[in-house]
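A.B. asks: Below is the sequence, then the predicted model.
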Amino acid sequence: MKKIVVQKYGGSSLSTIGKMKKIAKKIVARFKEGNQIVVVVSAMGNETNRLLKLAYRISPSPDKRELDMLASTGEQVSIALLAMAIHVLGNKAISFTARHAGILTDGKYTRARLIKIDSQKIEKALNLGKIVIVAGFQGINLHDEVTTLGRGGSDLSAVALAVQLKADLCEIYTDVDGVYTANPKLISKAQRIPRISYDEMSEMAALGAQIMHHRAIDLARKYHLPILVKSTFRSSKGTMITKEVPMLENVIVRGVTYQKNVSKITLQGVKKNTDLACRLFEDLAKENIVIDSIVQDLYNQDTVTVSFIVTEEDFMPSLKITKEIAGKIGVQKIHTDCNLAKVSIVGDSIAKESGIASRMFRTLSRAGIHMETINTSRIRISCLIKLSQLDQAVKALHDEFELSKIKKEI
Ligand code: ASP
Ligand code: MG
């Protein structure tokens, strides 16, 4: 039986017709090696942003069904053009929307969750010798309506298809040649990490390494599917995301990562013993809003202060929900802060080593950086800081943990 290869190309790799033609050649070469190929694509360049901006010029809160109807068109352009580019090379290719590809989701417009993939049509096309080009990011709900999986969701489409089709590997092609110890645009000495574990990568992605969608990594981990992240046009070995990663003895911190534009919402003077927290976080969860950290402090004898962190994208809907609940139970003041950033260190062994957190805090305070809140998990320590001090914080931590010295290949 032929091997199935699932590849995904991101928007920056597809931003011009010239790039599409080059990708078509790469795909055909791979096909000629005797593989069956499924290619998942994003929209061309910044197309999704452009489309969403149009919607927000019409209304500050456009209907979500219509937003998905609009945003999903970007990928539809890419699939058809790429299929044509492959035809020109004399090969068989067919473009599939989510409906053709059988990608079923729940009904939450703009942030739908995958339910299952009915891949019969894809398999039929592959068996007819066709290269199948699938629109990433989009799905179909149980009422046959178009949904989208959330920004960056085409990674998720690719991993889900690779799992469904039992591919050995999911290849993610992007504009960087792998995962680095820190953003190389910020830290010139940052090193490519040859292999990284799902857990570490999931933290890096969730925290803003911006290379892959964290839900895609979680799905790959669940099914033990290795992912190779590579540059589309440069030759580099990339980064393999797998189950186990041998650690060099002295490598504890794998990377420094950050998330810009996180927002903090603070409710001051909340009466003790109200069920505010419960109601608020229930309502936020109903909207699939992911809360980062929650802090509750005593404000005075009878009241407490509750603050929580959300991404910039979730800020406005979170504030709206917060105001609604606060109005019902009487809160003295709602305070917001949008110019924050979160800087984190990530590594599988962080919890096993002592003194890592104190080194991080000492490094930041030596650099004159004030930490608003601190949040830790088994493999990560994060601090919320001022956005204006972010670059300085990343540099200081990268130096402190000597990340520019990691060996090229582990
Ligand atoms: N085009 C969509 C976005 O920009 C999906 C993706 O690129 O993964 O979010
Ligand atoms: Mg992406």
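C.D. replies: Thanks, I have the structure now. Ligands and ions are numbered 1, 2, ... in the order given.
A.B. asks: all contacts plus neighbour counts: C-alpha atoms, from now on.
C.D. replies: Will do.
A.B. asks: what's next to the helix or strand containing K25, contact-wise?
C.D. replies: Using DSSP states H and E, the secondary-structure element containing K25 is helix 17-32. Residues outside helix 17-32 that contact it (CA atoms under 8 Å, 6 or more residues apart in numbering) are 13-14, 37, 81-82, 85-86, 89, 91, 131, 232.
A.B. asks: Now, of these, which are buried?
C.D. replies: Using 16 or more other CA atoms under 10 Å as the burial test, these include 13-14, 37, 81-82, 85-86, 91, 131, 232 as buried.
A.B. asks: Could you look up the SS state of H370?
C.D. replies: When classified by DSSP: H, G, I helix; E, B strand; the rest coil, H370 comes out as coil.
A.B. asks: burial of it, as a residue count?
C.D. replies: Burial of H370, expressed as a neighbour count using other CA atoms under 10 Å, amounts to 15.
A.B. asks: from memory it sits against F361, does it?
C.D. replies: No: here H370 lies out of contact with F361, judged by CA atoms under 8 Å, at a distance of 9.4 Å.
A.B. asks: Tell me where the longest helix sits in the chain.
C.D. replies: The longest helix of the chain (DSSP state H) is helix 312-329.
A.B. asks: next SSE after it?
C.D. replies: Counting by DSSP H and E, the element after helix 312-329 in chain order, helix or strand, is strand 331-346.
A.B. asks: And the lowest-mean-pLDDT helix or strand in the chain, how far out from the chain middle?
C.D. replies: Considering only helices and strands, the least confidently modelled element of the chain by mean pLDDT, DSSP states H and E is strand 294-298, at a mean of 83. Mean-position distance between strand 294-298 and its chain equals 28 Å (CA atoms, centre = their mean, to the nearest Å).
A.B. asks: mind listing what's buried in it?
C.D. replies: In strand 294-298, counting by 16+ other CA under 10 Å, buried: I294.
A.B. asks: who does it touch, helix- and strand-wise?
C.D. replies: Here strand 294-298 touches strand 303-311, going by 3 or more CA pairs under 8 Å, 6 or more residues apart in numbering; DSSP states H and E.
A.B. asks: Sheet partners, orientation included, of the strand it packs on?
C.D. replies: Within its sheet, strand 303-311 is paired with strand 255-271 (antiparallel), strand 294-298 (antiparallel), according to DSSP bridges.
A.B. asks: Redo the contacts of helix 17-32 as a markdown table? Include pLDDT and distance to Q296.
C.D. replies: Output for the contacts of helix 17-32, formatted as a markdown table (pLDDT from 0 to 100; distance: CA to CA, whole Å):
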| residue | pLDDT | distance to Q296 |
| --- | --- | --- |
| S13 | 96 | 44 |
| L14 | 98 | 46 |
| I37 | 98 | 51 |
| L81 | 98 | 52 |
| L82 | 98 | 52 |
| A85 | 98 | 56 |
| I86 | 98 | 57 |
| L89 | 98 | 62 |
| N91 | 98 | 61 |
| I131 | 98 | 54 |
| T232 | 96 | 46 |
